[in-house]
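Participant: Can you look at this prediction? I've put the sequence above it.
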Amino acid sequence: MKPRNQFGIAAALLLLAGFPASAAQMAMLRNGFSIRHERHEPREAFTRLYLTSAPDNYVDIPTSEILRYEEIEAPSASLPAPGPAATLDAMVSAAGNRNNIDPDLIASVIRAESGFNPNAVSRKGASGLMQLMPQTAASLGVQNILDPANNVEGGTRYLRDLLDLYHNDLQKSLAAYNAGPQRVEQYKGVPPYRETRAYITKIILDFNHKKLIQNAARAGDEKTKPAAVANAESTHTTR
């Protein structure tokens, strides 16, 4: 999900309390928002705010919109290391059950969106495992966009809303998740964007692959089960 107004999204990104970047300053903006960052770099009409120490994790803000910078005495706590895979599996399963979505589909969306990186923040502001935009997260009641459980629940709820909106049409729902519902409405279906179409294909192929593996495993269990039962009965008879 990519915003068209980079400044508006970037400003809204830091509305969320407890943004966990390990920052040294706050940029105070004219609109009342503030952006926590590690360092800033003037670039003509824009100032680049680096959200973390990573050189590709930044937002560009019109310099005229920045009132001042304030030092932060104590940096905020960094995110804890991601838990074991079973923890994420439990989050995905719980969110899927609450929102009536197959957990395997949620996992496929997470794979496509963030590669299972809970700290992922795109240049345009999409954040967390399911790459939620700040406005979307706020509308869903997500208080900490980078908290894995909050992010997965919010992203799953949003996907459920889209599936309801498009009468369980998965392609349209995924297109809206990636490009925005307004683009789906504009083109009366999946928009002709290469990125969006590749995104939909990637998720559906990954989801179908999971199901094929599960079906093959179940078929294997069914084939071996009668032999196992027969062997157990034979053993019981000879005793």
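Facilitator: Done, it's in.

Participant: Let me know how buried residue 207 is, in neighbour terms.
Facilitator: If you count neighbours by other Cβ atoms under 10 Å, residue 207 ends up with 20. All C-beta atoms are positioned from the backbone trio N, CA, C, and that covers glycine.

Participant: sec struct for it, please.
Facilitator: Per DSSP: H, G, I helix; E, B strand; the rest coil, the secondary structure class of residue 207 is helix.

Participant: from what I can see it touches residue 111, true?
Facilitator: No: using Cβ atoms under 8 Å, residue 207 is not in contact with residue 111, being 9.6 Å away.

Participant: Three-state assignment for residue 110, please.
Facilitator: Following three-state DSSP, residue 110 is assigned to helix.

Participant: so who does it touch?
Facilitator: 92, 116, 129, 130, 152, 155 (Cβ atoms under 8 Å, 6 or more residues apart in numbering).

Participant: Which one of these is nearest to residue 142?
Facilitator: Checking those against residue 142 by Cβ to Cβ gives residue 155 as the nearest, at 8.7 Å.

Participant: For the closest one, give me the pLDDT.
Facilitator: On pLDDT, residue 155 comes in at 96.

Participant: does it count as helix, strand or coil?
Facilitator: Assigned with three-state DSSP, residue 155 falls in the helix class.

Participant: Just give me the neighbour total for the residue nearest to it when sequence neighbours are not counted.
Facilitator: Excluding the flanking residues, the one nearest residue 155 by Cβ to Cβ, 6 or more residues apart in numbering is residue 130, at 2.8 Å. Residue 130: 30 surrounding residues under other Cβ under 10 Å.

Participant: could you measure residue 130 against residue 69, distance?
Facilitator: Residue 130 sits 32 Å away from residue 69, taking Cβ to Cβ, to the nearest Å as the criterion.

Participant: Just say helix, strand or coil for the nearest residue to residue 48 once chain neighbours are set aside.
Facilitator: Sequence neighbours aside, residue 41 is the residue nearest to residue 48 in space, at 4.5 Å (criterion: Cβ to Cβ, 6+ apart). What three-state DSSP gives for residue 41 is strand.

Participant: Good, wrapping up.
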